[in-house]
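Engineer: Next comes the sequence, and after it the predicted model I'd like to discuss.
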Amino acid sequence: MGSQTLAPFTAGRHGRTLTPSGVTVTPVRVQGVAGVHVRRGRDAELESRLQAAFGLSLPRTPRCVASRGVTCVWAGPGRWLIEADDAALPAHLRASLGPTASVVDQSSSRVALDLAGARVCEVLAKGIPVDLREFRAGDVALTVVGHIDLMIRRLGDEPRFRLGVPRSFLASFRDWFDAAAAEFGYEVGSGD
């Protein structure tokens, strides 16, 4: 979700240190992110153009799909976040989708974090009002944690999640996460 630094998160071990860490936090650098909002009556045309340009079908429920290095994440009725490791993605989308949708560059608006580990569901359950045990690979939820908007999606079958945190609330999210994960200990990786 945007290329950015993770200054509020410091690489290394945090919280409880007497046991193996229960959670790992890894920053994810995605170069291009765009919000796409379909224009009235243009759903079929938008789907056709997205399929032709990127091989993507639009998820119509809280899910994500990927094709050719591009991921499309449901962000509400008629809205999606589309991301790729290409800073020019928003411009490519504008050119490819034409009048079918509004495209807004959101490459710098969010920080993406991958969370994994044996205790990740327990840590997130302390603040996220979504039963992550019911989440399956590709599921998405728009939710809150500590009054901070959050997009969460499950990556694969193991308990691994990608969180999209608004950049301006990253320090507040880190404070919440630090308190929630302290009893299990957590490790912050350096990312790419």
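Structural biologist: Received the coordinates, thanks. Numbers count the residues shown, from 1 in each chain.
Engineer: Show me which helix or strand of this protein is least confident by mean pLDDT.
Structural biologist: strand 12-14 (a mean of 84; mean pLDDT, DSSP states H and E).
Engineer: Pull out the buried residues from it.
Structural biologist: residue 14 (16 or more other CB atoms under 10 Å). (Each C-beta comes from the backbone N, C-alpha and C, glycine too.)
Engineer: who does that strand touch, helix- and strand-wise?
Structural biologist: Under the contact criterion of 3 or more CB pairs under 8 Å, 6 or more residues apart in numbering; DSSP states H and E, strand 12-14 touches strand 186-188.
Engineer: sorry, back to before: and for the following helix or strand past the least confident helix or strand of the chain, what's in contact with it?
Structural biologist: Moving toward the C-terminus from strand 12-14, the next helix or strand (DSSP states H and E) is strand 23-28. The contact list for strand 23-28, computed with CB atoms under 8 Å, 6 or more residues apart in numbering, reads 1, 6, 9, 111-117, 119-120, 123, 162, 177, 181, 184-192.
Engineer: about what we covered before: what pairs with the least confident helix or strand of the chain, and is each one parallel or antiparallel?
Structural biologist: strand 186-188 (antiparallel) (DSSP bridges).
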